[in-house]
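A.B. asks: please work out how this folds:
(chains A, B, C and D)
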Protein chains: 2
Amino acid sequence: MTDVAESKQDRIARRQVDKFDARRTELAVATLHTLAELGYARTSLREIAQNSEFSHGVLHYYFADKRDLIIEAVRQYERVCVTRYDEVVAHATGPQQLRDEFVAMFFDTLVEDATLHRLWYDLRNQSLFDESFRADVLEIDGHREAMVWRVISRYAELREGVPAASQGTVYVTLDGIFQRALLHHLTGNAETVASLRAELPDVIDLLVTNGA
Amino acid sequence: MTDVAESKQDRIARRQVDKFDARRTELAVATLHTLAELGYARTSLREIAQNSEFSHGVLHYYFADKRDLIIEAVRQYERVCVTRYDEVVAHATGPQQLRDEFVAMFFDTLVEDATLHRLWYDLRNQSLFDESFRADVLEIDGHREAMVWRVISRYAELREGVPAASQGTVYVTLDGIFQRALLHHLTGNAETVASLRAELPDVIDLLVTNGA
DNA sequence: GTTTTTCTTTGACAACTGTCCAAGATTCTT
DNA sequence: AAGAATCTTGGACAGTTGTCAAAGAAAAAC
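C.D. replies: Numbers count the residues shown, from 1 in each chain, chains lettered A, B, ... in the order given. Reported below is the predicted structural model:
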């Protein structure tokens, strides 16, 4: 085989790989939506296939098994959800603006992507029982933590202060608020969500400067 | 039927009811342990029966269906877990003592009852998908919130200060820390747990007085 | 001690699960 | 256009699930 033939084969191989990957992510997205709708416990492969344009058999052509498929779906979630606040940070000029836009986006995605978020919490929890999810969950959780930290540390900077708690504590606090808001949003308890929203700026300030 | 006969029937009826209820809670406890071990998604009725001293058929004699059984198990969880810190509050004489003993018990139950706690989070999450769990979950969550608030407000009192955040925010923060500690504990990541423990007193102080 | 009620077991059922495979359809190569 | 590689389908499989009912065991009532 000559160099030319080899590079040609390479091109073909790459194209096949690309196509293969494209269909993989396509199916992973269908999986993501199914999981978001039904939750981990009630999601079956046939249900996933019905949310795609293929039949159930094809899933084992692109994925080794169910776990492989779900892990790919989780990675898909990450790609969607983990850079959400970056543009808010990037183009904020003052602390109030940053804080207000963060709060706005916080509750915007809460409502807009509610089912996706409940899926995330479902899978994070599943990792407490199923070791094989842990690594991916911990990685995504780390990215979420970093994302929150970029916001809060930038906010502190703009206020010429410093964060009042560690990166982990800051994340855990805001994530806890989000989780609770999600529960009450899905329950239809609008007042509770509203009061969480009203209080969020104070919490942010609590996390950034104590008594400056 | 005379009054005597009636009261006798009543006694018999009551005894039967008591026995019935006793067996119900017995089976609910077995369910609780099975759920704690396997998680909601993988818990089957036959598995539950194997963790009891009965066969699987008996479950439908005492419970209408699987959901009925699981909800009873959740209520059982509440009975175990929701008054844990009350004695700490009751016999604390100074703020440091209260804080230290709270932290100690916090991480004690984290390790001791780890599987039970992961079950709680699993079910709370399940309620995001399954409406029929919501009411019970919200009720238990409320009790947990009140339990935490008793600790923090008492701590504030002993320090002659006031809480720096609302009841909901305080709960969400400490619960978030607990959730994260649980994840890392089950992962075997002892250092992370240790650093969460080291930081917890500061977080408590952050929640109680800012710059007094 | 016999009858009646209560409890428990066992096995069956239909539906559903993840997995695999043979056959057909499609696409690409030459 | 023919052949080869790739993709997709639909059905079969063994195992599991929640549910139920008939039959047997145990307890209670008389």
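A.B. asks: could you pull out the helices for chain A?
C.D. replies: Along chain A, the stretches classed as helices by DSSP state H are A:3-38, A:45-50, A:59-62, A:66-81, A:86-90, A:95-112, A:114-126, A:131-158, A:167-187, A:190-208.
A.B. asks: so where's chain A shaky on pLDDT?
C.D. replies: Residue ranges of chain A with pLDDT under 70: A:1-17, A:210-212.
A.B. asks: which residue ranges make up the domains of it?
C.D. replies: Per automatic domain parsing, the domain ranges recorded for chain A read A:3-72, A:82-208.
A.B. asks: can the shortest one be found next to chain B?
C.D. replies: Spelled out, it's domain A:3-72. Yes: counting by CB under 8 Å from any CB of the partner chain, chain B is contacted by domain A:3-72 at A:38, A:39, A:40, A:41, A:42. Any C-beta I mention is one placed from the backbone N, CA and C, and that applies to glycine too.
A.B. asks: distance of the residue minimising distance to the centre of chain A relative to DNA strand D?
C.D. replies: Centroid-nearest residue in chain A, with CA atoms, centre = their mean: residue A:81, separated by 3.6 Å. According to CB to the nearest atom of the strand, to the nearest Å, residue A:81 and DNA strand D sit 27 Å apart.
A.B. asks: ok, now residue A:45?
C.D. replies: 9 Å.
A.B. asks: same check, this time on residue A:127
C.D. replies: 20 Å.
A.B. asks: number of nearby residues for that residue?
C.D. replies: Per other CB atoms under 10 Å in any protein chain shown, the neighbour tally for residue A:127 reads 22.
A.B. asks: isn't it right next to residue A:137, touching?
C.D. replies: Yes: Residue A:127 is within contact range of residue A:137, at 4.1 Å (criterion: CB atoms under 8 Å).
A.B. asks: which neighbours do those two share?
C.D. replies: residue B:183 (CB atoms under 8 Å, 6 or more residues apart in numbering or on different chains).
A.B. asks: the domains of chain A into a markdown table, with extra columns for distance to residue B:201?
C.D. replies: Shown next, in a markdown table, are the domains of chain A (distance: least, CB to CB, whole Å):
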| stretch | distance to residue B:201 |
| --- | --- |
| domain A:3-72 | 36 |
| domain A:82-208 | 12 |
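A.B. asks: tell me which of those domains is the most buried.
C.D. replies: domain A:82-208 (a mean of 18; mean count of other CB atoms under 10 Å in any protein chain shown).
A.B. asks: contacting residues around the residue nearest to the centre of chain A?
C.D. replies: A:109, A:113, A:116, A:117, A:120, A:144.
A.B. asks: ok, back up a step: in a markdown table, list the helices of chain A along with distance to DNA strand C.
C.D. replies: Output for the helices of chain A, formatted as a markdown table (distance: least, CB to the nearest atom of the strand, whole Å):
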| stretch | distance to DNA strand C |
| --- | --- |
| helix A:3-38 | 4 |
| helix A:45-50 | 4 |
| helix A:59-62 | 5 |
| helix A:66-81 | 4 |
| helix A:86-90 | 35 |
| helix A:95-112 | 28 |
| helix A:114-126 | 13 |
| helix A:131-158 | 12 |
| helix A:167-187 | 22 |
| helix A:190-208 | 32 |
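A.B. asks: out of the residues of domain A:3-72 next to chain B, which one sits closest to residue B:191?
C.D. replies: Nearest to residue B:191, judged by CB to CB, of those is residue A:40 at 29.1 Å.
A.B. asks: could I get the contacting residues of the closest one?
C.D. replies: By CB under 8 Å, 6+ apart, the contact set of residue A:40 is A:70, A:119, A:122, A:123, A:126, B:41.
A.B. asks: give me that answer again for 10 Å
C.D. replies: A:70, A:119, A:122-123, A:125-126, A:130, A:133, B:39-41, B:122, B:125-126, B:129 (CB atoms under 10 Å, 6 or more residues apart in numbering or on different chains).
A.B. asks: and it, how far is that from residue B:99?
C.D. replies: 38 Å (CB to CB, to the nearest Å).
A.B. asks: cool, and residue A:185?
C.D. replies: Applying CB to CB to residue A:185 and residue B:99 gives a distance of 34 Å.
A.B. asks: how close does the residue in chain A positioned nearest to DNA strand D get to residue A:46?
C.D. replies: In chain A, the residue found nearest to DNA strand D is residue A:57; the distance is 2.0 Å by CB to the nearest atom of the strand. The spacing between residue A:57 and residue A:46, counted by CB to CB, is 10 Å.
A.B. asks: residue A:195 now?
C.D. replies: If you measure residue A:195 against residue A:46 using CB to CB, the figure is 42 Å.
A.B. asks: can you check residue A:91 too?
C.D. replies: Taken as CB to CB, the span from residue A:91 to residue A:46 is 45 Å.
A.B. asks: what does residue A:78 give?
C.D. replies: Remark: distance between residue A:78 and residue A:46 (CB to CB) = 26 Å.
A.B. asks: ditto for residue A:165
C.D. replies: According to CB to CB, residue A:165 and residue A:46 sit 46 Å apart.
A.B. asks: ramachandran coordinates for the nearest residue to residue A:69 once chain neighbours are set aside?
C.D. replies: Nearest non-adjacent residue to residue A:69, counting by CB to CB, 6 or more residues apart in numbering or on different chains: residue A:63, 4.2 Å away. Main-chain dihedrals, residue A:63, degrees, to the nearest 10: phi -130, psi 150.
A.B. asks: pretty sure residue A:63 contacts residue A:72?
C.D. replies: Yes: using CB atoms under 10 Å, residue A:63 is in contact with residue A:72, at 6.9 Å.
A.B. asks: mutual contacts of the two, please.
C.D. replies: With CB under 10 Å, 6+ apart, residue A:63 and residue A:72 have common neighbours A:24, A:27, A:28, A:31.
A.B. asks: how about the residues of chain A near DNA strand D?
C.D. replies: A:16, A:19, A:20, A:23, A:53, A:54, A:55, A:56, A:57, A:58, A:61 (CB under 7 Å from any atom of the strand).
A.B. asks: cutoff 6 Å now
C.D. replies: Applying CB under 6 Å from any atom of the strand, we find that chain A lies next to DNA strand D at A:16, A:19, A:20, A:23, A:54, A:55, A:56, A:57, A:58, A:61.
A.B. asks: which one of those is nearest residue B:154?
C.D. replies: residue A:56 (56.8 Å).
A.B. asks: tell me the contacts of the closest residue to the closest one other than its chain neighbours?
C.D. replies: Distances taken as CB to CB, 6+ apart put residue A:49 closest to residue A:56, at 3.9 Å, once the chain neighbours are dropped. Contacts for residue A:49 were tallied using CB under 10 Å, 6+ apart; they are A:27, A:30, A:31, A:34, A:55, A:56, A:57, A:58, A:59.
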